[in-house]
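Peer 1: Predicted model follows, preceded by the sequence.
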Amino acid sequence: MVDFVYDWVTQVNDRNDLLPIWRERNLDLVLQTEHQSVNVAIDHSGVSLRPSQKDEAIFLKAPEDIIEELLRGEKKLTSISSNNCHIEGAYNHILFVESLLFLSSK
């Protein structure tokens, strides 16, 4: 999963049209599977992997295949099933991340 997340981070940072919008917030996205946890930081410098959470965060615990579908923009964060996924965070942050995930896939 780490390699997939790293590729997504690189893809987002390469998109000059997205970065000005997303750099206005400091937010962490903590992605957890059964076996791994990855912390993605969104801040003024762009999107990066970070060893630990520092800012307000969205926590997403889900199977790896669902996280990959989200990062590819194939699923909306707000519409994934709660049966095997758990999301925590302020709703406005969840919508912010959802839009970044969707727009970065285009």
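Peer 2: Alright, I've got the coordinates.

Peer 1: what about the strands in the chain?
Peer 2: Ranges of strands within the chain are 27-32, 37-43, 46-50, 56-61, 86-88, based on DSSP state E.

Peer 1: What helices and strands are in contact with the last one?
Peer 2: Strand 86-88 sits against strand 56-61, with contacts defined as 3 or more Cβ pairs under 8 Å, 6 or more residues apart in numbering; DSSP states H and E. Every C-beta, even on glycine, is put in place using the N, C-alpha and C of the backbone.

Peer 1: I'd like to know which elements the strand it packs on is packed against.
Peer 2: Using 3+ Cβ pairs under 8 Å, 6+ apart, strand 56-61 sits against strand 27-32, strand 86-88, helix 91-104.

Peer 1: just to revisit the earlier point, nearest to residue 96, of the strands of the chain?
Peer 2: Nearest of the strands of the chain to residue 96, taken as Cβ to Cβ: strand 27-32 at 7.0 Å.

Peer 1: Parallel or antiparallel, which strands does the closest one pair with?
Peer 2: strand 37-43 (antiparallel), strand 56-61 (parallel) (DSSP bridges).
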